[in-house]
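Got a predicted model here, sequence first, then my questions.
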Amino acid sequence: MRMVFRWYGDGNDTVTLQQIKQIPGVEGVVWALHDLAAGEEWPMDKILEVVHASKSYGLHTEVVESVNVHEDIKLGLPTRDQYIDNYKRTIKNLAQVGVKVICYNFMPVFDWIRTELNKEHEDGSRALFYERAKIEHIDPMELVDQFSRHSDLTMPGWEPERLQSLTNLFAMYKRVTEEDLWNHLQYFLEQIIPVAEANGVKMAIHPDDPPWSVFGLPRIITNKENIRRLLQLVDSPFNCVTLCSGALGANLDNDIPDLVREFTDRIPFAHIRNIKIYDNGDFIETSHRTRDGSLDIVNIVKAFHDTGFTGYARPDHGRQIWSENCRPGYGLYDRALGIMYLWGIWDSLENGKGAKS
Ligand code: DNO
Ligand code: MN
């Protein structure tokens, strides 16, 4: 398991590279050019800025999250080809600086969805929260409003330019069924996977978060059967999945250790976090500890260990604790605690082998 930590970039994150470097066992950052709109080619000079900054702290930049997919590709519009060409060029540019994994997602309009960014736990810590009944009635514009007023830092998945044309996008997706979305994903993968393969970059799709349809939009990367289907769309070792325990785990029918075991060869990147799921379907993000949430993090890590996982892993989200002022889900403290929990499990499974990862 190669531990990495998401970093939003200079001036765009409350966490510094120096702090990241001080978390035990973290070897690299998970990064992106967050100021570029989906569909643009990532220019070499901007890529190199992040690479050099990270290198100066001894951190590698082998994992990118995300190169976002333009809506025209997901919608299957004729204009998609120009964006796919840009995507291919971005893959080549990233390969030149040693990027090995690109995480992306294929969720229409919204990336992740929650109803609150700062829901208070009993102990006063705060975390992302999803209220099922609220989602069924809320106007998505209200959420956009609430989330964009939240802080000066734009949140990935809720970038203003992506959301400007929300009404229009919703109208266009009315005509797109799940089967259409599968076809559009296949068209995209058939073009980019050969490029990824030629450049030694694994494309690792992030599952839908949460793994069900929201606001009537189609969602397809939601369960075991659909991940199987995705991997067969283009059956290449470069067509992979980011195994996100918290995203898939919001549906308790998804048995995460079982998914880890089945898809082991096609998981170059893991997101590990815990959530507490309530009987009414609401869920809140918790600490990583197994007994704090509904997911068995010990057994999830064990499944990775048993299958000889040598890919990258990150703690995904954390709570906001100790009065930290940070991006929702992306503070330093709780993610660092999560890492130590993951290492604790991992090293104990190493059983006297000197706990070398
Ligand atoms: C949220 C993240 C997602 C994730 C994308 C990957 O915190 O887990 O934004 O990065 O879905 O494409
Ligand atoms: Mn995730």
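Received the coordinates, thanks. Ligands and ions are numbered 1, 2, ... in the order given.

To what extent is the nearest residue to R6 once chain neighbours are set aside buried, counted in neighbours?
Spatial nearest neighbour of R6, excluding adjacent residues (Cβ to Cβ, 6 or more residues apart in numbering): V30 at 4.4 Å. Placement of C-beta: from N, CA and C, glycine included. In terms of burial, V30 registers 22 neighbours under the definition other Cβ atoms under 10 Å.

give me phi/psi at V30?
Backbone torsions of V30, given as degrees, to the nearest 10, read phi -100, psi 120.

how far away is the residue nearest the centre of the chain from L342?
The centroid of the chain falls nearest to H206 when counting by Cα atoms, centre = their mean (5.3 Å). In this structure, H206 lies at 19 Å from L342, with Cβ to Cβ, to the nearest Å as the measure.

Show me which positions of the longest helix along the chain end up buried.
In the chain, with assignment by DSSP state H, the single longest helix is helix 178-198. Of the residues in helix 178-198, those buried by neighbour count under the rule 16 or more other Cβ atoms under 10 Å are 181-182, 184-185, 187-189, 191-193, 195-197.

Ok, stretch 223-236 next?
Neighbour-count burial for stretch 223-236, with 16+ other Cβ under 10 Å as criterion, is recorded at 223, 226-227, 230-231, 233-234, 236.

Export the buried residues of helix 178-198 as JSON lines, with columns for distance to N254.
Shown next, in JSON lines, are these (distance: Cβ to Cβ, whole Å):
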{"residue": "L181", "distance to N254": "19"}
{"residue": "W182", "distance to N254": "19"}
{"residue": "H184", "distance to N254": "24"}
{"residue": "L185", "distance to N254": "20"}
{"residue": "Y187", "distance to N254": "27"}
{"residue": "F188", "distance to N254": "24"}
{"residue": "L189", "distance to N254": "22"}
{"residue": "Q191", "distance to N254": "29"}
{"residue": "I192", "distance to N254": "26"}
{"residue": "I193", "distance to N254": "25"}
{"residue": "V195", "distance to N254": "31"}
{"residue": "A196", "distance to N254": "26"}
{"residue": "E197", "distance to N254": "28"}
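
Hmm, Q22 and I339 touching each other?
No: no contact is recorded between I339 and Q22 when judged using Cβ atoms under 8 Å, the distance being 11.3 Å.

isn't L166 right up against M141?
Yes: under the contact definition of Cβ under 8 Å, L166 touches M141, with a separation of 6.5 Å.

May I have the beta-bridge partners of the residue nearest to G25 when sequence neighbours are not counted?
Taking Cβ to Cβ, 6+ apart, and ignoring the residues beside it in sequence, G25 has M3 as its nearest neighbour in space, at 4.8 Å. For M3, the beta-bridge partners under DSSP bridges are V26, A313.

Let's see the pLDDT reported for M3.
We have a pLDDT of 98 for M3.

these two touch, right, it and Y341?
No: proximity of M3 to Y341 does not meet the contact threshold set by Cβ under 8 Å, at 11.8 Å.

So which residues on the stretch 251-357 of the chain come close to ligand 1?
Where the stretch 251-357 of the chain comes near ligand 1, counting by Cβ under 6 Å from any ligand atom, the residues are 317, 329.

on that earlier part again, ok, the residue nearest to the centre of the chain - contacts?
Under the criterion of Cβ atoms under 8 Å, 6 or more residues apart in numbering, the contact list for H206 reads 65-66, 103-105, 221, 242, 244, 247, 271.

Need the buried ones from these selected in ChimeraX.
The ChimeraX selection below is limited to those of the contacts of H206 classed as buried (16+ other Cβ under 10 Å):
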select :65,66,103,104,105,221,242,244,247,271
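
Where strands are concerned, which of the contacts of H206 count?
When strands are assigned by DSSP state E, the members of these inside them are 65, 103-104, 242, 244, 271.

mind listing the helices for the stretch 51-200 of the chain?
Secondary structure of the stretch 51-200 of the chain (DSSP state H, counting those that start in this stretch): helices located at 71-75, 80-96, 132-137, 140-148, 160-164, 166-173, 178-198.

got CSV for those helices, with distance to ligand 1 and mean pLDDT too?
Putting those into CSV (distance: least, Cβ to the nearest ligand atom, whole Å; pLDDT from 0 to 100) gives the following:
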stretch, distance to ligand 1, mean pLDDT
helix 71-75, 12, 97
helix 80-96, 13, 98
helix 132-137, 17, 92
helix 140-148, 12, 81
helix 160-164, 12, 69
helix 166-173, 17, 90
helix 178-198, 14, 98
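
Thank you, goodbye.
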